[in-house]
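Undergrad: The following comprises the amino acid sequence and a computationally predicted model.
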Amino acid sequence: MASAFVPLQTDVRIRDDFRAFLRGIRPAELAEVTPRMSGVGIPVRFVWGRDDRCFTLTHGRRFALVFGGETTPFLEVPDARTFVSLDQPQVVADEIVAATSRSTP
């Protein structure tokens, strides 16, 4: 995982681009898009890193409520942080298989 951040740490151009990206995020954007999330017409499943200190379980559960309330599947993945697919790739793969292998009515 640490290797994914090497360019950010060592290349000033990438670091500058990343800073510009972060400065460009408007908090109002989330407020604008949030109401539309509840209208997503496909199944949504959350695979969330239990050890994520930036996007905590509380944040994840609140986010899941926006999509489908209490019925939205929410899996807490141990030993995973923000990049669950890098920290626990097999868990993510298993969840994708489970979600896509169910027969649709």
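TA: Okay, I see it.
Undergrad: Which other helices and strands does the helix or strand where residue 28 lies contact?
TA: Here residue 28 sits within helix 27-37, counting by DSSP states H and E. Secondary-structure packing of helix 27-37 (3 or more CB pairs under 8 Å, 6 or more residues apart in numbering; DSSP states H and E): helix 57-68. C-beta coordinates here come from the backbone N, C-alpha and C atoms, glycine included.
Undergrad: Export the helix it packs on to PDB, keeping only CA atoms.
TA: Output in PDB follows, covering the C-alpha atoms of helix 57-68 (Å, rounded to 0.1, in the frame of the first residue of the first chain):
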ATOM      1  CA  LEU A  57     -17.400   3.300  10.300                       C
ATOM      2  CA  THR A  58     -19.800   6.000  11.500                       C
ATOM      3  CA  HIS A  59     -19.300   7.900   8.200                       C
ATOM      4  CA  GLY A  60     -19.700   4.700   6.200                       C
ATOM      5  CA  ARG A  61     -22.900   3.700   7.900                       C
ATOM      6  CA  ARG A  62     -24.300   7.200   7.500                       C
ATOM      7  CA  PHE A  63     -23.400   7.100   3.800                       C
ATOM      8  CA  ALA A  64     -25.100   3.700   3.400                       C
ATOM      9  CA  LEU A  65     -28.300   5.100   4.900                       C
ATOM     10  CA  VAL A  66     -28.400   7.600   2.100                       C
ATOM     11  CA  PHE A  67     -28.600   4.900  -0.500                       C
ATOM     12  CA  GLY A  68     -31.100   2.500   0.900                       C
END
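Undergrad: which SS state does residue 75 fall under?
TA: strand (DSSP: H, G, I helix; E, B strand; the rest coil).
Undergrad: That one - nearest residue in space that isn't next to it in sequence?
TA: Closest residue to residue 75 apart from its sequence neighbours, by CB to CB, 6 or more residues apart in numbering: residue 47 at 5.0 Å.
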